[in-house]
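In: What would the 3D arrangement of this be:
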Amino acid sequence: MNRSDFIKSLGLGMGGIILPTTSYFTTQLVKIYDNYVRGIQFYDFKKIAELLKQGDEIVLKRDSENIHDAFATEIRFKEYKLGYIAAYENIVLANMLNQNISLIGKISKIDLNSYDNKVAIEIYAELVIPSEKLITMMSSENRSDDAIDLYRNNY
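Out: Numbers count the residues shown, from 1 in each chain. Next up, the predicted model:
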């Protein structure tokens, strides 16, 4: 087993954690970005346009060597570069990728009939949220010192 597989088996891969099976937490996908890919005319878009379908998965990749934009974030479909996240919108996503936060992306719209071909993408982050059970438990009137357990002397 290599190091990467070992770390993933611990639940620490890709900046995430594996939550224990409990009813106190749940996860929810939250859309954090929805806009058009920039610069598709400069890459192999014409070659792969017919391969793209709405709902196809895309991958975000930091382009830290980009001399024009310190927060450049590539959008890739399989082994092809589609383009970039707009420079005025990429700082938060770039910082999230730098912290190895797992982001899920998909193609949300394809317009091949316009003057300039357009492809829109959506990006989601998976958030851990407390369940109603935990919220109810935490908001109860019981104080932790009033709890009965093995470590406290309950006189």
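In: Helices along the chain, start to end?
Out: 3-9, 45-48, 91-98, 132-138 (DSSP state H).
In: for the last one, what is the average pLDDT?
Out: On average, the pLDDT along helix 132-138 is 69.
In: The longest one now?
Out: In this model, helix 91-98 carries a mean pLDDT of 95.
In: packing partners for it?
Out: Contacts defined by 3 or more C-beta pairs under 8 Å, 6 or more residues apart in numbering; DSSP states H and E place helix 91-98 against strand 25-36, strand 57-62, strand 73-77, strand 103-111. Where you see a C-beta, it was placed from the backbone N, CA and C, and this is true even at glycine.
In: now, of those strands, which is deepest in the fold?
Out: Ranked by mean neighbour count, these are led by strand 73-77 with a mean of 21 (mean count of other C-beta atoms under 10 Å).
In: So what are the sheet partners of that strand and their directions?
Out: Its sheet considered, strand 73-77 pairs with strand 57-62 (antiparallel), strand 80-84 (antiparallel) by DSSP bridges.
In: wait, which of these is closest to Met96?
Out: Nearest of these to Met96, taken as C-beta to C-beta: strand 57-62 at 8.9 Å.
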